[in-house]
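Student: need a structure here:
(one chain, ligands or ions: 1)
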Amino acid sequence: MKKTKLNIVWLKRDLRTQDHLPLKKAEESTLPYLIIYILEPSVTSFKDTSQRHLQFIYHSVVSMNNYLKAFNHKVELLYGEALDVFSYLNDRFEIKEIFSYQESGIEITFTRDIKLKNVFNQYSIKWNEYQKDGVIRGINNRLGWDESWKKTMTSAVIKNEFDPSKSFQFEHPFTPPASVINSLKKYNKNFQPAGETNAWKYLASFAADRGKNYHKHISKPTESRKSCGRISPYLAWGNLSIRQSYQYLYKHPNKKIYGRAFHGILTRLKWHCHFIQKFETECEYEYICVNRGFETLTHENNNKLLNAWKIGNTGFPLIDATMRCLIQTGWINFRMRAMLVSFLCHHLDQDWRRGVFHLANLFLDYEPGIHFTQFQMQAGTTGVNTVRIYNPVKQSYDHDPKGVFIKKWVPELKDIPERYIHEPWKMTKLDFAFNNIEEPMYPNPIINLEERGKAARLKIYSHRKTDAVINDKNRILVLHTIRKNTSKAI
Ligand SMILES: Cc1cc2nc3c(=O)[nH]c(=O)nc-3n(C[C@H](O)[C@H](O)[C@H](O)COP(=O)(O)OP(=O)(O)OC[C@H]3O[C@@H](n4cnc5c(N)ncnc54)[C@H](O)[C@@H]3O)c2cc1C
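Tutor: The predicted structure follows:
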């Protein structure tokens, strides 16, 4: 029997129905097409993925399907290994083309794609992988990168249309088990809701009003929750493209009124691509130091200290409030992320690899290209960036002066007077009695902050002077630095 000819759109971190080139290309063909998302056990069980990510993906697919049903199209959620799924489909259909975005992913998705490319070649299937956002595949320096980014951001946003006659229904054995679906359906109300409609709500409310104090509040753990864009999960899972966000903000009438705020967020949209570009060029950052010279730096790696950090029980109120807030809500601002990593790698003297997956799991917006590169930048293992060792007590006085954030997320400290909230260990028995409060069930600091800070500074700065670090620094600068003469902000 003759097999039906069809095309496939393979969705990855691009869970939206608009500004979507693979979907447009599929529509342009005369053949019917399937739209699939594959939940691959080998990928979803890897240590960088958590249930909250999978739930966000699931609800993004549900949101796409709510839109697509009017056009008789559907994203088919498949549970199985990509290789098995495509072999099954190839046995039953004559697959002509596969359309997807390039994925700047971790090693397992990279090696899977290499295998698949060979298999598709054997099956005579053409795999069209398109550039995602401003990230260019196969470059080995940044000459012209700025111009290319700007060109992508200012080119027309794609208005996707869906012809009902091109949809295709099929039977398959890859339906996710009921237990998997039930666990994905559950969604913690404290997390940002998934899907395109919600993504646009966040972007629009930022531009309309929420973002007017963006630059003033960006470092404050409480105020940033309202004033920051909060579009990161939507960008990470592709509910929004960078180009959609860029053009919406660039053309918004409030850009003239809140110039600094808009400039700030537009610049960061470029950083988004800049960091993923680094990872696209060198995806080894998942497991090896950006500057290979740091591989010889040794660490104490004390498990007790690591575990206290992981659960937010270090005795440093701002560290603990930040970690507990992240566990419960999936989001914290940039400065608090940087502080958590700095405290882990410098004060607690842990190898960055001991904490990188813990935060990846907790960030609802986990994006490997940004996460591994930013994490290493804060751990000081790039050798090219200034090392920042954040003092969590100073951060607390500066950015949560009244302890509002601390008291919300570390309720044990809710009765501690404002002047002690940053350093509760300084309260004496007499102070507790005088203030008529009980001593909280809260640990004393797990380390001596001053001594540890000093030692960490000495250690990292002397290692930066080693030949191995200096030699690798030049390689990194050639590979990842945007040339000054081509550099334009946004
Ligand atoms: C250790 C560490 C890990 C991080 N891991 C991630 C991650 O996995 N995913 C992620 O999206 N961001 C990550 N960031 C960057 C940054 O903290 C978040 O992008 C930002 O807090 C998201 O909130 P927002 O959407 O309100 O950002 P806004 O300030 O409103 O910025 C808008 C968008 O610009 C991009 N952006 C903002 N800041 C940065 C930055 N410093 N570097 C690169 N892109 C940026 C993001 O896509 C963000 O959504 C990490 C930062 C650190 C220090």
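Student: For the protein, just list every one of the strands.
Tutor: Along the chain, the segments classed as strands by DSSP state E run 4-11, 33-39, 75-79, 93-101, 126-130.
Student: Just put those strands in TSV and tack on mean neighbour count and mean pLDDT.
Tutor: Every residue, glycine included, has its C-beta placed from N, CA and C. Shown next, in TSV, are the strands of the chain (neighbours: other CB atoms under 10 Å; pLDDT from 0 to 100):
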stretch	mean neighbour count	mean pLDDT
strand 4-11	21	98
strand 33-39	22	98
strand 75-79	20	98
strand 93-101	20	98
strand 126-130	15	98
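Student: and the protein, what are its domains?
Tutor: For the chain, automatic domain parsing gives the domain ranges 4-130, 146-156+196-280, 292-480.
Student: which stretch among the strands of the chain comes nearest Arg388?
Tutor: strand 93-101 (33.4 Å; CB to CB).
Student: What pairs with the closest one, parallel or antiparallel?
Tutor: According to DSSP bridges, strand 93-101 forms sheet pairs with strand 4-11 (parallel), strand 126-130 (parallel).
Student: can those go into a markdown table with extra columns for distance to Ile257?
Tutor: Putting those into a markdown table (distance: least, CB to CB, whole Å) gives the following:
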| stretch | distance to Ile257 |
| --- | --- |
| strand 4-11 | 37 |
| strand 126-130 | 36 |
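Student: looking at these, which is closest to Pro22?
Tutor: strand 4-11 (4.9 Å).
Student: Which residues does the closest one contact?
Tutor: Defining contact as CB atoms under 8 Å, 6 or more residues apart in numbering, one finds that strand 4-11 is touched by 22-23, 26, 29, 31-38, 61, 75, 89, 93-100, 168, 238.
Student: The ligand next: which of those are close?
Tutor: Among the contacts of strand 4-11, no residue lies close to the ligand (CB under 6 Å from any ligand atom).
Student: Could you count how many residues lie near Glu27?
Tutor: Residues lying near Glu27 (other CB atoms under 10 Å) number 18.
Student: Next up, the contacts around it.
Tutor: Per CB under 8 Å, 6+ apart, neighbours of Glu27: 33, 160-163, 166.
Student: give me that answer again for 6 Å
Tutor: Glu27 makes no contacts at all, as judged by CB atoms under 6 Å, 6 or more residues apart in numbering.
Student: One more: the one 10 residues further on?
Tutor: Neighbouring residues of Tyr37 by CB under 6 Å, 6+ apart: 11, 61, 75, 77.
Student: same thing but at 10 Å, please
Tutor: 9-12, 14-15, 57-58, 60-61, 64, 75-78 (CB atoms under 10 Å, 6 or more residues apart in numbering).
Student: any chance of the strands of the chain in TSV, with distance to Met153 too?
Tutor: Listed next are these as TSV, based on distance: least, CB to CB, whole Å:
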stretch	distance to Met153
strand 4-11	22
strand 33-39	26
strand 75-79	27
strand 93-101	16
strand 126-130	16
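Student: Figure out which of these is closest to Val478.
Tutor: Nearest of the strands of the chain (CB to CB): strand 126-130, 26.4 Å.
Student: In CSV, could you pull the C-alpha coordinates for that closest one?
Tutor: Extracted C-alpha coordinates of strand 126-130, given in CSV (Å, rounded to 0.1, in the frame of the first residue of the first chain):
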residue,chain,number,x,y,z
LYS,A,126,14.9,16.6,4.8
TRP,A,127,15.4,18.2,8.3
ASN,A,128,15.1,21.9,8.1
GLU,A,129,16.4,23.5,11.3
TYR,A,130,16.0,27.3,11.6
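Student: Mind listing residues that contact it?
Tutor: Residues contacting strand 126-130 (CB under 10 Å, 6+ apart): 7-10, 12, 14, 20-22, 24-26, 86, 95-103, 113, 116-117, 119-121, 137.
Student: do that again at 8 Å, thanks
Tutor: Counting by CB under 8 Å, 6+ apart, 21-22, 25, 96-102, 116-117, 120, 137 sit against strand 126-130.
Student: Now for the residues you listed: which two are most distant?
Tutor: Spatially, the most separated pair among those is Lys96 and Arg137, at 23.0 Å (CB to CB).
Student: any weak-confidence spans in the stretch 351-490 of the chain?
Tutor: Within the stretch 351-490 of the chain, the segments meeting pLDDT under 70 span 482-490.
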